[in-house]
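# Okay, here's the prediction I keep looking at, along with the sequence it came from:
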Amino acid sequence: MLGGFASPSELDGLRGLFESKDWENGKAREADWWHHQVGLDFDLPFVARVMDAVEELEDTGRLLEWEPPQALRYSPGQTFTPHVDTIEGYASRVWTAIVEVQAAPDAGFRLHEFPEVSITPGDLLIFDSSLVHEAVAPSAGTRYVLVLWASLVEEE
């Protein structure tokens, strides 16, 4: 984890961007999770910094490809139950990167194999996409998270 990865001004900019999004059309709901999700652009300088941090960690010479960055919003009661990011159709995902943009009461992130890990606004957490994790619902307020997934480029 890279604590304090995002500066206060970067967090303010991300919050402003997130708040400007059309969240109602980005609603995602299934039997085991519920939150809002909208896509972001790759050309954001902050997104490039996150991608650079993941690629520095990878540092094996393997080529990574990126899915479009996503903004997630959790309102009171909205959660994402325990899951892995190596889901069908995305089996080559190797890294998940999340940035806590805005915290909310009682909300948070839980990495099951490493329960001592916590994330606060501005932190960047990079972890193996096959690890079980979940988002804990806020009791009040709004939690914003930036997430990116890196997959291995399939060799032909």
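Nice, I can see it.
# mind listing the helices for the chain?
Here the chain has its helices, by DSSP state H, at 8-19, 45-58.
# Turn those helices into CSV, columns for mean neighbour count and distance to residue 114.
Yep, even glycine has a C-beta here, placed from its N, CA and C like the rest. CSV is the format used below for those (neighbours: other Cβ atoms under 10 Å; distance: least, Cβ to Cβ, whole Å):
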stretch, mean neighbour count, distance to residue 114
helix 8-19, 15, 24
helix 45-58, 15, 16
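# Dump the ones you listed into a markdown table; add mean pLDDT and distance to residue 145 as well.
Formatted as a markdown table, the helices of the chain follow (pLDDT from 0 to 100; distance: least, Cβ to Cβ, whole Å):
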| stretch | mean pLDDT | distance to residue 145 |
| --- | --- | --- |
| helix 8-19 | 92 | 9 |
| helix 45-58 | 90 | 12 |
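# got these as CSV, with distance to residue 137 columns?
Below are these laid out as CSV (distance: least, Cβ to Cβ, whole Å):
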stretch, distance to residue 137
helix 8-19, 18
helix 45-58, 25
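# and the residue nearest the centre of the chain, what pLDDT?
Of all residues in the chain, the one closest to the mean position by Cα atoms, centre = their mean is residue 147, 2.3 Å from it. Per-residue confidence (pLDDT) for residue 147: 94.
# Equivalent analysis for the one 5 residues further on, please.
Predicted confidence (pLDDT) for residue 152: 83.
# which ones are touching it?
Contacts here follow Cβ atoms under 8 Å, 6 or more residues apart in numbering; on that basis residue 152 touches 62-65, 92, 94.
# Pipe those residues into JSON lines and attach distance to residue 123 per row.
Putting the contacts of residue 152 into JSON lines (distance: Cβ to Cβ, whole Å) gives the following:
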{"residue": "62", "distance to residue 123": "25"}
{"residue": "63", "distance to residue 123": "27"}
{"residue": "64", "distance to residue 123": "21"}
{"residue": "65", "distance to residue 123": "25"}
{"residue": "92", "distance to residue 123": "26"}
{"residue": "94", "distance to residue 123": "21"}
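# hmm, which of those residues are the buried ones?
Those of the contacts of residue 152 that meet the buried threshold are 64, 94, by 16 or more other Cβ atoms under 10 Å.
# so which of the contacts of residue 152 comes closest to residue 43?
Closest approach between the contacts of residue 152 and residue 43, by Cβ to Cβ: residue 65, at 16.5 Å.
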